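Engineer: the sequence isn't on hand, but the structure is:
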């Protein structure tokens, strides 16, 4: 599956999850720095969806910047949050659900790469990743 197809699949997966959680989801017509608009209880949120890719060591990486070289950090002017779709169910036989890390943009403004992994699947003594508090944190929207 090529990069664009993976990105589209993640956008649709996130949109589906948001609808199941009671959000109204819309797509911007222009090429903006965000992929979706989610609305619930009168609050609008601009969401940038990112797809995490598996590293050789088993963790997943996701670029937290945008644009052509030099890449730029996402800011509040670009979007309100990043939702990183980690397709764990595709790569692990014992995991049946993917993870969605809902991260406010203020938390990634100076971050180039986000590294995540399923709970208990880290290397060495790492049982949970530093971004785990955002896993399934839909209330951040």
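Structural biologist: In hand now; what should we look at? Keep in mind that what you see is a predicted model, and the values were worked out from it rather than measured. Numbering: from 1, shown residues only.
Engineer: would you indicate which residues of the host helix or strand of residue 15 are buried?
Structural biologist: Taking DSSP states H and E as the criterion, residue 15 maps to helix 3-20. Buried residues in helix 3-20, counting neighbours by 16 or more other C-beta atoms under 10 Å, are found at 7, 10-11, 13-15, 17-18. The C-beta positions use only the backbone N, C-alpha and C, and glycine is treated the same way.
Engineer: over to stretch 73-88?
Structural biologist: For stretch 73-88, burial by neighbour count (16+ other C-beta under 10 Å) applies to 74, 78-88.
Engineer: one more: stretch 23-31?
Structural biologist: Those would be 23, 25, for stretch 23-31 by 16+ other C-beta under 10 Å.
Engineer: counting by contacts, list what the longest strand seen in the chain packs against.
Structural biologist: Counting residues, the longest strand found in the chain (DSSP state E) is strand 43-51. Packing contacts for strand 43-51, counted by 3 or more C-beta pairs under 8 Å, 6 or more residues apart in numbering; DSSP states H and E, involve helix 3-20, strand 36-40, strand 60-63, strand 81-86.
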